[in-house]
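Enquirer: 3D model of this:
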Amino acid sequence: MFIGVGLHPDEPRRRLDPALLTDTELSAGPAAWRQLPDPLPQWDLDQMHDHDPSHTGSVH
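Expert: Got it, this is the predicted structure:
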């Protein structure tokens, strides 16, 4: 399950389904999997949030 503000319920499945292996791909094993193209978009590391582990979530 995914939650998010303004997230359409079908969107995660639409984006992740292309990464599922077929039965043939699955049976080929990990060495063959490494040769498959990555269907997921590249991560934009500049857009990653810096989470402060000391943040307690309390309002000051």
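Enquirer: would you confirm that residue 21 contacts residue 32?
Expert: No: at 9.7 Å, residue 21 does not count as touching residue 32 under the criterion of CB atoms under 8 Å. C-betas here are computed from N, CA, C, even on glycine.
Enquirer: low-confidence stretches in this structure?
Expert: Scanning the chain for pLDDT under 70 picks out 49-60.
Enquirer: which residues in it form helices?
Expert: Along the chain, the segments classed as helices by DSSP state H run 11-16, 23-28, 30-33.
Enquirer: Throw these into CSV and include mean neighbour count and distance to residue 44, thanks.
Expert: What follows is the helices of the chain, written out as CSV (neighbours: other CB atoms under 10 Å; distance: least, CB to CB, whole Å):
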stretch, mean neighbour count, distance to residue 44
helix 11-16, 12, 15
helix 23-28, 10, 27
helix 30-33, 9, 24
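Enquirer: of those, which is nearest residue 42?
Expert: Counting by CB to CB, residue 42 lies closest to helix 11-16 out of these; the figure is 13.3 Å.
Enquirer: how far is that closest one from where the chain is centred?
Expert: Using CA atoms, centre = their mean, to the nearest Å, the mean C-alpha position of helix 11-16 is found 9 Å from that of the whole chain.
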